[in-house]
Structures are given as structure tokens and as C-alpha cells.
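*Asks:* sharing a sequence plus its predicted fold:
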Amino acid sequence: MDIHHAIARWESEGGAVPQVETPQHRFKALQLRQILVPIDFSPESLKTLRSAKRLAEEFGAKLHLVHVVIPPPLLLPRRTSLPPNFSEELVAEASRRLREVATEFSLPVRSKPYSVRQGEIADEISKEARATRAELIAIATRGHTGIKRAFLGSTTENVVRDAACPVLVVREKEQSSRSQRARKESAPQFRKILVPLDFSEASRLGLEYALGFAQEFHATVVLFHSVFVSGYVLATERSASQIAALITRQQDYATAEMEKLRKTISAKGGKVETRLGLGAPAEQITNYVAKSGVDLIITSTHGRSGLHRVFMGSTAARVLRYASCSVLVVPNRASRAKAGKGR
């Protein structure tokens, strides 16, 4: 593809994208009334519950726990003889352990803030989120069901892909001192929140959610865009020879767009920084996070880099797997609705 055609295509896709809009007076207050926490009784899921409890206290939200029992036919080899009422015993045991966890974490046990479901784990978690009208799912990166050497458990990845509400994937950062650990126990440490931007409608949704979240925690929002030239631009020798010009134009465009956003957010009292990278977005994001003290990434599931028929875009998926901090993924309901109509 000729470089001039590449630039024209980029401008048609990026230059005319509607600007990120913010409310006229203040950022929209973020309301969380119900947080769902999947529990498999692993240390990781209990640490996530600890973080979710602090988050619930910050927002005045209720916590609801869910444990999914895998039905014996899926769990055991064929022709395995089972005692009568085996499934009922598994459910009863899970309920007993959930009650113990609720008591340990000072949840209102009388109102039974927990449920036990049977079936495929990620699917049942999503169903429970809908049934309880959860506005956020807080889940560990990996529990008993995760692959030992994987960065992210398959269950967690499936929940993020399928959930209709935002999902907070909790990663606890290493603390370098006792005083830092003490502060960590007292309140959520979301002081610096990174928002990846590609100036699409999906990334706009992620930014709106991040601004509400940042307002609650008095956090600084880092707007991050990485200039990345797709492979199709390098298809011809002429295109490759003019790649510097295309990168410069993209950098100029992104810098101007983020400066507009910075001024708008600052004018409304928000603390905001802008950062521009050069290279594959996921790699640039995770490298920056590892070196800059970012506590949380808030991203959307579908931006311009997402595959048309895959709900979670490739950039979001890679950030989710490899980021060194917690990641909050906001679903793009518009993309999901279109995908549902196409099935």
C-alpha cells in the first residue's frame, strides 16, 4: 500500500474520531452498589476478597461471594462410582466454607452474602453477576483452576471476556517496606491510574470510567497512547522509505488529542498526565507500568486494535496477561450488542 494511501486511511480511521467528552461541570460520579467476588478458597482468591472489601468500604457497596462447584461428570473420570447425593454434599461443604469466609471477613452472615452454583466456572460467575446485579466483579489472576505457569488463569480470562459488567483483575504489587504494607492494609492504593487510549469510542468508555474511579480515590490519571505503524504500511519499499513521515504525523495527532483531553480534565479539577509511546501498545503499556508506579490500569475490551469477531481486543488481552499491577476491564456494550446481532 502506498504511504499516501496509508496516511489517508489512518486519517479516515483516526483523524475524524469523535473527541472524548466529559460532563459539563464535574465528572460523572462512579457508583458501585454490588461487588461480586468469586472464591475458590485459594490464597489468591482470599487476597482478592481482602482488596474487594476495602473497595466496597470506599464506595459503600455490598459484597457477594460465589463459589462454583464443578459437576462430578466433568470433574471425575468416566465410570467412577459416586456415593448417593454426592453433588449435594459438595454444595453443602462449599456453603459451609463460604459462611466461614464471610464470618472471617465480617460480612453480614445473616443476609447470606454468598452463593454456590454448579457448572462451568466462568459461565456460572457471569450468570451470578447478572442475577445479583453486580456492577463489578473482583477476581484473582489465578486460583486453583489456573495453569501453574500461566500469567493469567483461563477462568479469569473467560470471565473478563464474557462478563457484562466491569471486571477488576487483582494483582497485589510487592511492597518494599513495612510501612507500605501497613498503608496497603488500611485502604486501596489507587493513586496512579493509567488509561490506554486509541481515540476510539471504546477507549472513550474506559476513560469515562477511569475519571469516576480517579475522583473517588483522588488519583492521577495517566493518558497513554502508543504510536504503532501496522504491518500493511511496510508492504512496499516506497512505504517503508516514508515510514518516518507517517510516524511523525501520528505523533502530532496523538499529542494534540491528548493535550485537549488534559486541558478538559484539568479544568474540571482532575489530576492528569499524558504519555506517548512508540511501538506495540501492549508492550509499551506494560513497560511503562513496571517503571512508573502505576497502581491500576483501566481499559476497555474493544478498541481499534481489536479483532472484529473477538470480543476482547488483542491489546487489552495482552495488557491483562502481562501487566504488573491490577487491571480493570470495562466492557464495550455497544460492540457486544453488534456481535450478538451478527450471530
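*Replies:* Everything's here; your move.

*Asks:* any idea of the pLDDT on the residue nearest to Leu30 when sequence neighbours are not counted?
*Replies:* Leaving aside its chain neighbours, Leu30 sits nearest to Gly212 (3.1 Å; criterion: Cβ to Cβ, 6 or more residues apart in numbering). C-beta coordinates here come from the backbone N, C-alpha and C atoms, glycine included. Note on Gly212: pLDDT of 91.

*Asks:* isn't there a strand covering Gly212?
*Replies:* No. Read with DSSP: H, G, I helix; E, B strand; the rest coil, Gly212 is helix and lies in no strand.

*Asks:* relative to Pro113, how far out is it?
*Replies:* 25 Å (Cβ to Cβ, to the nearest Å).

*Asks:* repeat that for Ala29.
*Replies:* Counting by Cβ to Cβ, the gap from Ala29 to Pro113 is 25 Å.

*Asks:* more crowded one of the two?
*Replies:* A direct count of neighbours by other Cβ atoms under 10 Å for Ala29 and Pro113 places Pro113 higher, at 19 against 9.

*Asks:* and that one, backbone torsions?
*Replies:* phi -80, psi 50 (degrees, to the nearest 10).

*Asks:* and if you look at Leu278?
*Replies:* phi -140, psi 110.

*Asks:* name the nearest residue to it, sequence neighbours excluded.
*Replies:* Per Cβ to Cβ, 6+ apart, closest to Leu278 is Val227, 5.2 Å.

*Asks:* right, and the one you found touches Thr255 too?
*Replies:* No. Counting by Cβ atoms under 8 Å, Val227 stays clear of Thr255, with 9.6 Å between them.

*Asks:* pLDDT weak spots in the stretch 1-150 of the chain?
*Replies:* 1-28, 72-84, 143-150 (pLDDT under 70).

*Asks:* which residues in it form strands?
*Replies:* Chain-ordered strands for the stretch 1-150 of the chain, with DSSP state E, counting those that start in this stretch as the definition, fall at 34-38, 62-69, 114-118, 136-140.
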